[in-house]
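Engineer: I need the structure of the sequence given here:
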Amino acid sequence: MRVTGFLRGLALLFTLVTTWFFATAYFRHGSVKSVNLRSWLGSNDVPTKAAKVRNKCGNENSCPENTFAFKIISGAANVVGPSICLEGIVFMSAVKNNIDRGLNIALVNGTNGHLIKMATFDMYAGDIKDLVKFLEGINEGSLVLIASYDDPGSKMNDDARKLLTDLGSSYATKLGFRDNWVFIGGKGLKGKSPFEQYLKNDKDANKYDGWPEVLELEGCVPQKMG
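Structural biologist: Purely as a prediction, here's the structure:
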């Protein structure tokens, strides 16, 4: 019994000494020092989560020098409006309340990316004369960013199609009722623009009832594209 009591006392003494040592090591002047399990086990490598880099216009990739980052999204049926962004600046969108059905166009300085003017043309309502006048007035070296919404092709005439083709479009001659179209071209561009998407209104393939699915185009357009 005495031996058992002695051992119990020894165990109690060991516990008290250990507790005192731990408290002395980790409690200083009434404050608590947090203990990191990894450092306690001898490792100082604390994993850190790399911050996700947000590129201009929310694009997947960043753009090199002498290019402009862009993203153009067409309208979704006649419900959600399109958006046009360049160098992280959203020029046109439903949130800004400066879009309309038809063609939404942002005209940009091809050297510095500054906005020159914006315009909307309702093709269904017959804004074709205003569209032609606008396209004829574009200066050399300007970038033209276009997003369709609802209906870009009704009442489109040959003059407008030719002017859009001269800006580098491959699909302006095909634009029809409720087609979807996004495009970047340039006045004075030699050849066809690589920045264009087109989707025909097809009742057997449309994602929405009466309209094709949304088009999204992003990338890096060269300054002074030509």
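Engineer: domains in the chain, as residue ranges please.
Structural biologist: Residue ranges for the domains of the chain, per automatic domain parsing: 2-40, 56-222.
Engineer: So what's the gap between the longest one and the chain middle?
Structural biologist: Put plainly, it is domain 56-222. When C-alpha coordinates are averaged (C-alpha atoms, centre = their mean, to the nearest Å), domain 56-222 and its chain have centres 16 Å apart.
Engineer: What's the mean pLDDT across that domain?
Structural biologist: Domain 56-222 shows a mean pLDDT of 95.
Engineer: which residues sit in contact with the residue most central in space within the chain?
Structural biologist: Nearest to the mean C-alpha position of the chain, by C-alpha atoms, centre = their mean, lies Gly58 at 3.3 Å. Counting by C-beta atoms under 8 Å, 6 or more residues apart in numbering, Gly58 touches Lys71, Cys85. Just so you know, the C-beta spots here come from the backbone N, C-alpha and C atoms, and that holds for glycine as well.
Engineer: any idea how far Cys220 is from it?
Structural biologist: Plainly put, Gly58 is 14 Å away from Cys220 if you go by C-beta to C-beta, to the nearest Å.
Engineer: Highest mean neighbour count out of the domains of the chain?
Structural biologist: Compared across the domains of the chain, domain 56-222 shows the largest average neighbour count, a mean of 18 (mean count of other C-beta atoms under 10 Å).
Engineer: ranges for the strands of the chain?
Structural biologist: 27-28, 31-32, 67-73, 83-86, 89-92, 102-109, 115-121, 142-149, 180-186, 196-199, 216-222 (DSSP state E).
Engineer: can you list the ones you listed in CSV and add distance to Arg161?
Structural biologist: Converted to CSV, those look like this (distance: least, C-beta to C-beta, whole Å):
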stretch, distance to Arg161
strand 27-28, 79
strand 31-32, 75
strand 67-73, 20
strand 83-86, 21
strand 89-92, 22
strand 102-109, 12
strand 115-121, 13
strand 142-149, 13
strand 180-186, 12
strand 196-199, 13
strand 216-222, 20
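Engineer: quick one: which of these is nearest Tyr208?
Structural biologist: With C-beta to C-beta as the measure, strand 180-186 is the member of the strands of the chain nearest Tyr208 (10.1 Å).
Engineer: returning to that earlier point: list just the one of the strands of the chain that sits closest to Thr173.
Structural biologist: Of those, nearest to Thr173 by C-beta to C-beta is strand 196-199, at 10.6 Å.
Engineer: can I have the closest one written out in CSV, keeping just the CAs?
Structural biologist: The C-alpha trace of strand 196-199 is given here as CSV (Å, rounded to 0.1, in the frame of the first residue of the first chain):
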residue,chain,number,x,y,z
GLU,A,196,-15.4,37.6,-84.3
GLN,A,197,-18.1,35.0,-83.4
TYR,A,198,-21.4,34.4,-85.2
LEU,A,199,-24.3,32.1,-84.4
